[in-house]
Each structure stands twice: as C-alpha cells, then as structure tokens.
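> sequence-free structure coming up:
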C-alpha cells in the first residue's frame, strides 16, 4: 500500500517503520510520472516495504528538510534513518537494488 503524506507529523510516524521508501514527486514532473508505476509495482510486490509519496508542491517543508532540489527523489529509510538517496528516474531493476529486493 502507498501512503500519500502531506504533513510532517504523518511523515515522521511513517519513516519510523522498519523499511520505508519515500518518493518525492510533483504531478507536473515527467520523470516522476514514468517512475510512479514502478514504485506502485514495488509496493504491490513487496508489502514488507512501506511506500510513501510526498508531493513537493504540497509539502515544501518536507522537501526542504531533505534538501530535495530535483525530482523525482527517492529516499530509503530503515527504522527512521535515511540510508540511501537517488535522484531522477531509475529503471525497475535499479529500484529493486536500491531497496534491497530481488
């Protein structure tokens, strides 16, 4: 399941889980639209990974907190700690490696 987060309290609660992929995106962003189906498939295929989407236009404070200046930006968290970050579109195989699944 994918959660759409718009506020810092919900975000902070979400990233405390074991494994969380955060997708910072915007509705007008072409590469974000290309990446979105891959993120959705990952969420469906790997329910052990919480997937959170953050629209940077609706949650500017969250984007600023993580220095998101380019979208799409993916940040992978483990137990509240940012472990990896990726900028721009990445293919499905790279996305799987990014979150440590096959």
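Thanks, I have the structure now. Here the structure is a predicted model, which is why all the values come from computation and not from measurement.

> Only C-alpha atoms from now on, for both contacts and neighbour counts.
Will do.

> hey, where'd the strands end up in the protein?
Counting by DSSP state E, one finds strands in the chain at the ranges 2-5, 19-25, 50-55, 73-78, 81-87.

> The second one - what's its average pLDDT?
Average pLDDT, strand 19-25: 98.

> re the thing from before, wait, which of the strands of the chain is closest to residue 32?
strand 19-25 (5.8 Å; CA to CA).

> how far is the closest one from where the chain is centred?
Mean-position distance between strand 19-25 and its chain equals 1 Å (CA atoms, centre = their mean, to the nearest Å).

> deepest of the strands of the chain, which one?
Greatest average neighbour count among the strands of the chain goes to strand 19-25 (a mean of 24), per mean count of other CA atoms under 10 Å.

> Direction included, what does it pair against?
strand 50-55 (parallel), strand 73-78 (antiparallel) (DSSP bridges).
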